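Visitor: here's a sequence, model it:
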Amino acid sequence: VHGGFNSIKVEMSAQKESTTTLFISSLPGEADEETITKHFEKINSGLKVKNVTIFRNKHTYRSKGVGLIELFSVEDCANALRDVRYTEILGSEINLTWYKPGGIKDKITANLFVKNISVDTKSKELHDFFSQYGKVFSCKVKYDTLGKCKGYGYVQFDTKEQAEAALAGANEKDIKGSKIQVVPFKTREARNAGITKYNNLFVKCIPKTYTNEDLKSLFSTIGVIISAVVVNDPATPGKNKGFGFVCFKTPEEAKSAEEKLNKLMVEGQSLYVSQALSKTEHKKQLREQRLKAFKDCNLYVKELPDEVDDAKLKQAFDVFGKVISARVMVEKRTNLVNDKIELKSKNFGFVCFNTKEEAKNAIDQSKVTDVFGRKLYVAIAQRKEDRVGKTPGSFFMPYPGFPAGGVFGMPPPMYNSPYPYHPRPRHEGRGRPHSRPYRHERPYPMYPMMHPMDPAMGYPLPPAPEKEAVIPAPQPVAENQALSMDKDQLGEQLYTLVEKKNPENAAKITGMLLEMEVDQIHSILTVPAQLDKWVAEAIKVLNSATQQGYPQQPTCQ
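Guide: Next up is the predicted model:
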């Protein structure tokens, strides 16, 4: 998302850039637009910033660490790259590049990975070194929390040919006393694709008194060892944590060591030897193992009340069998009243039983038993990739007594949508610019949803809005104003109008109308006849649901 910069057209030439926009990255989370503007003008008083856009999370409003900076001329951009690039904002080294909406042509093939960099090397020094081989588009050295180089970085050239020249000429060159190694950059997917060979082994259950030499001596009987390290325990001098790592010269030797030394008894302990994995790979492996071990034992539960936490969820399902674990999914939201980050329930979670039979019993019993005073939706949990390809109809559950074809010729209703609409509180004068309060709460399942009629299915669209008929309201909504509103704003306007016609069911009717297409909601807001029509239709649906035995749900207070 590039905000107001989508309209900027960038025409590149081999000699000169013609855009007046720069892309900024590696921003600290605390840096705002004013901080960036002042930093530019402090470094070079001749730089005048026209506009700054920081990309933020639309829910938490937290910075994503990147943004766009628009200056007044191409020369200003060139001066900013010369003076401001690789300087620090609030202790974080920033990076600046020319803004290219379509990206550079040879993004992957012109990118190099540089390793064995000395710990005191900075991004600017690496940039200056590689500039002799071509035009460096961007350069980044990875730092630790103390600001020291981690020993590797990335250099992005403009073209593949320049990167190839650097690959041939820069490898094994000395930078600040360290001979760097330059290799073509590979994406994570490319690095992991088809990898079956490995040199590094993870060794667990080694004697606590073992040193690096002891571990190397044990594994040297298999082949040539590059390194052997035990992880020492700082709390107990002279002892290790019981595990370490061994790197062999060839993958074949590593595989042989795994086969021969795994489960070997050493000083009364059985060694565990396997491929050394990164933390991410290890977590993924453990997750796959858990999914396989508890296949069909893990349940997905939704429609949970807001107040239910992990402990309450486990206690409620303990009556159906032995619960291994129970977890309610939550998300962080900013409360604009006190400007604090709070955890709010997503109203769904997972319950894992000890056996498949207990899980099946929980599904069957939940259909006839109220849990937390209501009927919950309970089903076998599925991974996202397993759900892909299922037809949308498989996720719909019509209300009891309603025909399969839907109500009033409309498509079948969805079980958990829509929800009663609750106008959000206004917090005048509080919060950051563009920040938004909580979305309206959705704690209870509602009634059959009113779907917009689809012309492709033979249903006519509602009549076009009559421009001369504008509904009077405390805050009149013009058509061009309505088009710029989001669903929350539309909901507030709808609720005000619906409440005058049916105060008792205003929240429910508003929630149903919000499920319609945005252009139809605009029509309802601007044409009184449309409002009357759809409110009457919603009341019919509610009355029909009540007559056919669907239980009334209380609205959220």
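Visitor: low pLDDT regions in the stretch 301-450 of the chain?
Guide: By pLDDT under 70, the weakly predicted segments of the stretch 301-450 of the chain are 385-450.
Visitor: now the strands for it?
Guide: Assigned by DSSP state E, counting those that start in this stretch, the strands in the stretch 301-450 of the chain fall at 323-335, 340-353, 377-380.
Visitor: can you tell which of the ones you listed is closest to Thr221?
Guide: For Thr221, the closest of these is strand 323-335, at 42.0 Å, according to CB to CB. Backbone N, C-alpha and C define where each C-beta goes, glycine included.
Visitor: so which residue is smack in the middle of the protein?
Guide: Central residue of the chain (CA atoms, centre = their mean): Asn57, 9.5 Å from the mean position.
Visitor: next, count neighbours for Glu357.
Guide: 12 (other CB atoms under 10 Å).
Visitor: coming back round to it: output the strands of the stretch 301-450 of the chain in JSON lines; the columns should cover mean neighbour count and distance to Leu261.
Guide: As requested, the strands of the stretch 301-450 of the chain are arranged in JSON lines below (neighbours: other CB atoms under 10 Å; distance: least, CB to CB, whole Å):
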{"stretch": "strand 323-335", "mean neighbour count": "16", "distance to Leu261": "33"}
{"stretch": "strand 340-353", "mean neighbour count": "16", "distance to Leu261": "35"}
{"stretch": "strand 377-380", "mean neighbour count": "16", "distance to Leu261": "40"}
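Visitor: mind putting the ones you listed into JSON lines with distance to Leu96?
Guide: Shown next, in JSON lines, are these (distance: least, CB to CB, whole Å):
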{"stretch": "strand 323-335", "distance to Leu96": "30"}
{"stretch": "strand 340-353", "distance to Leu96": "30"}
{"stretch": "strand 377-380", "distance to Leu96": "50"}
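Visitor: out of these, which is closest to Lys42?
Guide: Comparing the strands of the stretch 301-450 of the chain against Lys42 with CB to CB, the closest turns out to be strand 323-335 (30.3 Å).
Visitor: quick one, the closest one and strand 340-353 angle?
Guide: 160 degrees (axes from the mean of the first three to the mean of the last three CA atoms, to 10 degrees).
Visitor: for strand 323-335, packing partners?
Guide: helix 310-317, strand 340-353 (3 or more CB pairs under 8 Å, 6 or more residues apart in numbering; DSSP states H and E).
Visitor: hang on, the earlier thing: contacts only, for the residue nearest to the centre of the chain.
Guide: Going by CB atoms under 8 Å, 6 or more residues apart in numbering, Asn57 touches Lys64.
Visitor: ok, Ile225 next?
Guide: 216, 219, 246-249.
Visitor: show me what contacts the closest residue to Asp144 other than its chain neighbours?
Guide: Among residues not flanking Asp144 along the chain, Lys150 sits closest, at 5.6 Å (CB to CB, 6 or more residues apart in numbering). Counting by CB under 8 Å, 6+ apart, Lys150 makes contact with 141-144.
Visitor: 7 Å - rerun?
Guide: Shown in contact with Lys150 (CB atoms under 7 Å, 6 or more residues apart in numbering): 142-144.
Visitor: ranges for the strands of the stretch 1-150 of the chain?
Guide: Using DSSP E, counting those that start in this stretch, strands in the stretch 1-150 of the chain cover 21-25, 49-56, 63-71, 88-89, 92-93, 95-98, 111-115, 136-143, 149-157.
Visitor: can you put these in TSV and add distance to Tyr300 and mean pLDDT?
Guide: As requested, the strands of the stretch 1-150 of the chain are exported to TSV (distance: least, CB to CB, whole Å; pLDDT from 0 to 100):
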stretch	distance to Tyr300	mean pLDDT
strand 21-25	38	92
strand 49-56	31	92
strand 63-71	30	92
strand 88-89	44	92
strand 92-93	40	90
strand 95-98	42	91
strand 111-115	41	93
strand 136-143	39	90
strand 149-157	40	92
